[in-house]
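Student: dropping a prediction and its sequence here:
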Amino acid sequence: MSNFIRPVGYIIKTPSTYNPTIETLENSNRNANGDLIREIIADKIKIELTWNTMTQDELAVLQYLRRLKSFDVEYLDLDGTYKTIEVYIGNSFKATPLKTENGFVTVWKDVQANLIEF
């Protein structure tokens, strides 16, 4: 897989899976007649990323990015063009230890992170 995702100013390992989606933020409810009143606030991009394995050093870059309020990322959009947006890493950041050496984890598996447009 090509690297469809590139944080601006940082290098991350090419993800094993890359799934961009459009999430619509809206304020919707029904009036007394039961009619839907739908106010579209914005469309935002969410990019679900997974890595089969990642070294501790590779994971450390993601952990650093997760602690930032936001950062810019260049990504392959659903229209087939590269775009740059401001994102943050969502709460569903996960990783499972795979290999240890001298009591320290050196390789992680099943790493997951979601980039959410700010």
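Tutor: That came in fine, so what should we check first?

Student: just the element for the closest residue to residue 17 other than its chain neighbours, please.
Tutor: In space, and not counting its chain neighbours, residue 17 is closest to residue 50: 4.5 Å by Cβ to Cβ, 6 or more residues apart in numbering. (C-beta placed from N, C-alpha, C; glycine too.) Assigning secondary structure by DSSP states H and E places residue 50 in strand 36-55.

Student: who are the packing partners of that strand?
Tutor: strand 17-30, strand 71-76, strand 82-89, strand 104-117 (3 or more Cβ pairs under 8 Å, 6 or more residues apart in numbering; DSSP states H and E).

Student: rerun at 10 Å
Tutor: strand 17-30, helix 56-67, strand 71-76, strand 82-89, strand 94-101, strand 104-117 (3 or more Cβ pairs under 10 Å, 6 or more residues apart in numbering; DSSP states H and E).

Student: so what's the gap between that strand and the chain middle?
Tutor: 7 Å (Cα atoms, centre = their mean, to the nearest Å).
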